[in-house]
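Asker: Pasting a predicted model and its sequence here:
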Amino acid sequence: MTHSPAIFILQDPSALYHAAAEEFVRRAEEAVHARGRFTVALSGGSTPRGVHGVLASEPFRSRVAWEGVEFFWGDERHVPPDHPDSNYRMAWETLLSKVPVPPEHVHRVPAENADAGQAAADYERTLREFFNLSPGEWPRFDLVFLGMGPEGHTASLFPGSPALHEEQRLVAAPWVEKFNTFRITLTSPALNHSAAVAFLVSGAEKAETVRAVLEGPHQPDELPAQAIRPVDGELLWLIDRAAGSLFTGGPPERMENAK
Ligand code: 6PG
């Protein structure tokens with residue numbers, strides 16, 4: 001069942017980071033208690049750095065059963081794990097090096113492979129094996145964090161990308177003209193079978209795109225963030241006031257817990 005998005009407008013970036021960390025902790029507590037593990041896919045970029053910093057600090061750090069958390073990534077740059085652009089490196093520096101998560105629970109994208117397509121295939125195999133998927137089945141992450149670029153991309157699904165129309169593979173390796181590089185990314189069906197997807201969006205430069213994505217016409221080829229609609233899961237938008245400054249709120253029931 002597709003839920004309508006739960007949209008939270010937070011006072012400032014710090015409030016957004018704390019709200020995202022609260023979602024992580026709350027869902028981790030429930031998942032580890034119910035199923036013995038919490039599967040989460042991290043996003044890259046700069047916004048998640050703040051969330052990771054909150055999670056790695058008290059009181060949040062002590063609230064997570066880190067031995068039960070399984071880390072994945074929604075996308076990765078086509079660079080080695082020690083490269084400054086690596087999403088894995090960012091997560092290691094800001095979170096994974098600061099909490100007692102077992103190393104075998106960190107499932108990074110093997111983006112050091114010079115062949116991006118092979119890196120994507122290897123990561124897909126990791127996902128299929130971890131989630132014990134039969135052909136045609138999709139992973140169901142307990143939580144996926146996503147960001148949104150100023151032009152509406154999410155993960156590494158960029159406007160006009162053929163990867164936006166991928167319906168079979170879990171992981172794709174699209175060429176990204178904007179950055180003149182390959183990226184490795186979960187596809188929209190792989191993302192859309194998650195139990196919860198939370199967009200984390202901060203900054204005035206995204207305000208027009210936030211409005212277009214949430215209130216404008218449905219055009220996922222131009223605004224890939226619109227392609228993310230969990231088929232049977234929750235969709236949350238955690239937006240700071242600067243990024244939400246042009247959002248009119250739509251029907252009142254869509255604006256929840258404005259903080
Ligand atoms: C990446 C991210 C990307 C990011 C957006 C927003 O690898 O860069 O996955 O999709 O989420 O570009 O980035 P900011 O949060 O830094 O604005």
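Answerer: Perfect, thanks for sending it. Keep in mind that this is a model prediction, so the values were computed, not measured.
Asker: going forward, measure contacts and count neighbours with C-alpha atoms only.
Answerer: Fine.
Asker: interface residues of the chain facing the ligand?
Answerer: Near the ligand, the residues belonging to the chain are 43-47, 75-76, 146-149, 154-156 when assessed by CA under 6 Å from any ligand atom.
Asker: Which single one of those residues is nearest to A195?
Answerer: Using CA to CA, L146 is the member of these that sits closest to A195, with 13.6 Å.
Asker: thinking again about what came up before, mind giving me a markdown table with the residues of the chain next to the ligand and columns for distance to F8 and secondary structure?
Answerer: Supplementary listing: those in a markdown table, determined by distance: CA to CA, whole Å; DSSP: H, G, I helix; E, B strand; the rest coil:
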| residue | distance to F8 | secondary structure |
| --- | --- | --- |
| S43 | 19 | coil |
| G44 | 21 | coil |
| G45 | 20 | coil |
| S46 | 20 | coil |
| T47 | 16 | helix |
| D75 | 24 | strand |
| E76 | 27 | strand |
| L146 | 15 | strand |
| G147 | 15 | coil |
| M148 | 15 | coil |
| G149 | 18 | coil |
| T154 | 18 | strand |
| A155 | 20 | coil |
| S156 | 24 | coil |
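Asker: could you flag which of the residues you listed are buried?
Answerer: Burial by neighbour count, judged by 16 or more other CA atoms under 10 Å, picks out 43-45, 47, 75-76, 146-149, 154-156 from these.
Asker: quick one: low-confidence parts of the stretch 101-250 of the chain?
Answerer: Within the stretch 101-250 of the chain, the ranges that satisfy pLDDT under 70 run 250.
Asker: could you show me where the helices are in it, in order?
Answerer: Under the criterion DSSP state H, counting those that start in this stretch, the stretch 101-250 of the chain contains helices at 116-130, 188-192, 207-215.
Asker: among those helices, which is the most enclosed?
Answerer: Of all the helices of the stretch 101-250 of the chain, helix 188-192 carries the top mean neighbour count, a mean of 26, counting by mean count of other CA atoms under 10 Å.
Asker: got the contact list for that one?
Answerer: Under the criterion CA atoms under 8 Å, 6 or more residues apart in numbering, residues 74, 138-139, 144, 164, 166-167, 169-171, 197, 227-233 lie in contact with helix 188-192.
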